[in-house]
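Student: Sequence and predicted structure are below.
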Amino acid sequence: TQSTRPQRMLAAVQKNATRGDPRSVVKAIDQFCRQKEWAMNVGDEKGCILDSVVSEVNPATVLELGTYCGYSTVRIASLLPPHAKLITLEFNPDNAVIARQVIAWAGLEDKIQLVEGASGDWIPKMKEEFGVKTFDLVFLDHWKDRYLPDTKLMEECGLLRKGSILLADNVICPGTPDYLEYVRNSPRYKSQYFKSHLEYTKVEDGLEKSVFLG
Ligand SMILES: Cc1ncnc2c1ncn2[C@@H]1O[C@H](/C=C/CNC(=O)c2cc(-c3ccc(F)cc3)cc(O)c2O)C[C@H]1O
Ligand SMILES: [Mg+2]
């Protein structure tokens, strides 16, 4: 039977990356996507911006919306301090199966909790289910029409504190116009756009970093 792109991506990791070496996992996926098949990972160019924001925030608690195959999950977790935790939400079970194996190959299972299900269902349960108070950093990379409703939901559920950072992928391509309008015009956020390119292409895209002001 025909394999899926995520399955072929995992095979490339298992063939070309070193077990327990997250950077080699990131490199293997980027190589696969550049040389073999494009896939919607944040990629190496926007990934460097992601790395710099993660390093600057040095978060103890991270929420990622949209795991896909775990590329950004591994990239973020590889930069976290020792007892920091990353929770990543993925509602497609086939993607979750692949992502768990990518995370395991990187040796980052202890830092990452992959939760299967829809962000809208899980965000209201974060405190009771995972003992989370607030998130220091949220990486939004799921369905683009969910960025705004999920941000409002995180506000309502008290998951953001003064200084929490939202980092959103694809604010230009495919684009998240309602989200951008909100974080750029709301008095509750201070936003900054990091111009870059759509992963593995020359098409313009970028990340929007928004600080929640409380
Ligand atoms: C609500 C919710 N809850 C949990 N998981 C969710 C969810 N919505 C999506 N997910 C999961 O995240 C992943 C989805 C991410 C959506 N990302 C995209 O659609 C996406 C698309 C492109 C793109 C750009 C130009 C083109 F020509 C074609 C594609 C580039 C990207 O970087 C992307 O993130 C997989 C899905 O199962
Ligand atoms: Mg993306």
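Tutor: Sure, I can see it. Ligands and ions are numbered 1, 2, ... in the order given.

Student: Can you tell me the closest non-neighbouring residue to whichever residue of the chain sits closest to ligand 1?
Tutor: Closest residue of the chain to ligand 1, Cβ to the nearest ligand atom: Gly66 (3.0 Å). Any C-beta I mention is one placed from the backbone N, CA and C, and that applies to glycine too. Closest residue in space to Gly66, ignoring its immediate chain neighbours: His142 at 3.0 Å, by Cβ to Cβ, 6 or more residues apart in numbering.

Student: What of Val54?
Tutor: Nearest one to Val54, counting by Cβ to Cβ, 6+ apart, is Leu79 at 4.7 Å.

Student: which bits of this protein sit near ligand 1?
Tutor: 40, 66, 68, 89-92, 95, 118-119, 141-143, 146, 169-170, 173-174, 198-199 (Cβ under 6 Å from any ligand atom).

Student: What residues does the residue of the chain closest to ligand 1 make contact with?
Tutor: Gly66 makes contacts with Leu89, Glu90, Ser119, Leu140, Asp141, His142, Trp143, as judged by Cβ atoms under 8 Å, 6 or more residues apart in numbering.

Student: mind running it again at 7 Å?
Tutor: When contacts are counted by Cβ atoms under 7 Å, 6 or more residues apart in numbering, Gly66 touches Glu90, Asp141, His142.

Student: from these, which single one is nearest Gly163?
Tutor: The closest of the contacts of Gly66 to Gly163 turns out to be Asp141 (Cβ to Cβ; 21.4 Å).

Student: Residue of the protein closest to ligand 2, please.
Tutor: Here the residue of the chain nearest ligand 2 is Asp169; by Cβ to the ion that distance is 3.7 Å.

Student: What segments of the protein are strands?
Tutor: 61-65, 85-90, 112-116, 137-140, 165-168, 189-197, 204-212 (DSSP state E).

Student: which strands and helices sit next to the third one?
Tutor: Contact partners of strand 112-116 among helices and strands, from 3 or more Cβ pairs under 7 Å, 6 or more residues apart in numbering; DSSP states H and E: strand 85-90, helix 93-106.

Student: ok, and what's touching it?
Tutor: The contact list for strand 112-116 (Cβ under 7 Å, 6+ apart) reads 67, 73, 77, 85-91, 93, 96, 99-100, 103, 122, 130.

Student: since we're on Val203, how many residues are nearby?
Tutor: 10 (other Cβ atoms under 10 Å).

Student: do Ala77 as well
Tutor: Ala77 has 25 nearby residues by other Cβ under 10 Å.

Student: wait, what's in contact with it?
Tutor: Leu86, Leu108, Lys111, Ile112.

Student: and if we set it to 10 Å?
Tutor: Contacts for Ala77 (Cβ atoms under 10 Å, 6 or more residues apart in numbering) come out as 22, 54, 62, 64, 70, 84-86, 88, 103, 106-112.

Student: Same question for Lys85.
Tutor: Applying Cβ under 10 Å, 6+ apart to Lys85 gives the contacts 59-63, 77, 110-113, 130-132, 135.

Student: What parts of the protein come near ligand 2?
Tutor: When proximity is defined as Cβ under 5 Å from the ion, the chain approaches ligand 2 at Asp141, Asp169, Asn170.
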